[in-house]
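> Any chance you can model this:
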Amino acid sequence: MPVSTLDRSVTEPIIRRLNALRTLSAQASASLEHAVLEGMQRAGSGEDLISEGDPVDSVRIVLSGWLCRYKTLEDGRRQIVNFIFPGETCDAHAFLLAVMDHSIATLTPVVYSEIKRARFETLVASDRSLAEAFWCETLVNSAIQREWAINLGRRVALERVAHLFCEIFERLRPVGMIDGNSCIMPVTQMDLADATGLSVVHLNRTVQELRAAGLIVLRERTLTINDLDALKDAALFSPSYLQLYRRK
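Coordinates of the predicted model:
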């Protein structure tokens with residue numbers, strides 16, 4: 001069945017994201033579009049798509065909305081260990097493991113596709129470019145986790161928050177979610193605090209420092225970066241770990 005123009009707009013984030021990592025063949029793009037459309041799902045804000053300890057039998061691809069990976073201590077304290085944006089997967093190869101080692105929750109209403117393991121394995125086996133693109137995404141996710149470990153372990157508060165803003169901006173760019181020097185920022189200060197290992201008070205004070213320095217404007221769920229190069233310098237940020245523009 002042909003994919004309509006409207007359908008193509010829905011699947012555009014994942015096609016753009018994977019194409020930034022590997023150039024997909026026309027057949028690979030078409031096959032992926034059909035698989036994504038077959039598994040379309042919706043979820044509201046604040047829902048767990050999958051919880052720590054759950055078995056995994058499918059691949060979830062985010063088409064719109066924001067999610068987070070998180071772990072919770074026994075006393076209820078939460079650490080967000082990564083965000084998941086449109087065009088990204090909730091671990092393309094997690095079904096190779098017995099159970100999830102973390103939870104994935106929606107931070108906004110989301111549209112996503114759920115592709116069962118057998119369907120996904122057939123899909124990637126049929127086209128090398130698609131298989132390599134998904135493996136590249138898995139490797140980039142590992143690189144992001146290493147960078148987040150450095151963020152929490154070595155960067156001071158201002159560097160941490162600035163680095164997170166730079167990363168969000170650069171990860172949204174390949175999927176067309178940047179408007180000039182601005183992008184949406186639909187998460188709460190609690191979410192940002194849990195992602196940077198700061199208290200909400202400390203997070204708020206740090207954001208105010210970045211504002212006072214003229215580096216950012218954060219208003220009405222929109223982040224505007226006044227000087228991206230200066231923000232990168234303040235964050236000690238290099239986007240090389242994101243591998244965003246490698247095309248083969």
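> CA atoms for contacts and neighbours, from now on please.
Fine.
> pLDDT on stretch 231-239, on average?
Average pLDDT, stretch 231-239: 97.
> Off-centre distance for that stretch?
19 Å (C-alpha atoms, centre = their mean, to the nearest Å).
> Quote the end-to-end distance of it.
The first residue of stretch 231-239 is 12 Å away from its last residue (C-alpha to C-alpha, to the nearest Å).
> May I see the buried residues of it?
L231, K232, A234, A235, F237 (16 or more other C-alpha atoms under 10 Å).
> Pull the number of nearby residues for I61.
By other C-alpha atoms under 10 Å, 27 other residues sit near I61.
> you'd agree it is up against E88?
Yes. Between I61 and E88 there is a contact under C-alpha atoms under 8 Å: 6.0 Å.
> Next, show the common contact partners of the two.
I14 (C-alpha atoms under 8 Å, 6 or more residues apart in numbering).
> can you list the buried residues of stretch 231-239 in CSV and add distance to C166 and secondary structure?
Below are the buried residues of stretch 231-239 laid out as CSV (distance: C-alpha to C-alpha, whole Å; DSSP: H, G, I helix; E, B strand; the rest coil):
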residue, distance to C166, secondary structure
L231, 7, helix
K232, 7, helix
A234, 10, helix
A235, 8, helix
F237, 7, coil
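> Closest one of these to H163?
Among the buried residues of stretch 231-239, A235 lies closest to H163 (C-alpha to C-alpha), at 4.7 Å.
> and P109, what is it in contact with?
R42, A43, G44, S45, G65, W66.
> Determine the next helix or strand in the C-terminal direction from the lengthiest helix in the chain.
What stands out as the longest helix in the chain, according to DSSP state H, is helix 128-153. Per DSSP states H and E, helix 128-153 leads on to helix 157-172 as the next helix or strand towards the C-terminus.
> what's next to that next one, contact-wise?
Contacts for helix 157-172 (C-alpha under 8 Å, 6+ apart): 85-86, 151-152, 178, 183, 196, 198, 203, 206-207, 209-210, 228, 231-232, 234-237, 239, 242, 244.
> now do 6 Å
Residues from elsewhere that reach helix 157-172 (C-alpha atoms under 6 Å, 6 or more residues apart in numbering): N151, T206, A235, F237.
> which of those sit farthest apart?
So, the contacts of helix 157-172 by C-alpha to C-alpha: farthest apart are T206 and F237, at 16.9 Å.
> Can you get me a residue count around T222?
14.
> scratch that, D127
16.
> go on, G214?
Residues near G214, counting by other C-alpha under 10 Å: 14.
> Please apply the same query to T23.
T23, neighbours per other C-alpha under 10 Å, totals 19.
> Dihedrals phi and psi, it?
phi -70, psi 120 (degrees, to the nearest 10).
> That one and I15: what is the separation?
In terms of C-alpha to C-alpha, T23 sits 10 Å off from I15.
> remind me which residues of the chain are low pLDDT?
For the chain, applying pLDDT under 70 flags the ranges 1-8, 245-248.
> Which stretches in it count as helices?
5-21, 26-38, 117-125, 128-153, 157-172, 189-196, 200-212, 228-235.
> Highest mean neighbour count out of those?
helix 157-172 (a mean of 21; mean count of other C-alpha atoms under 10 Å).
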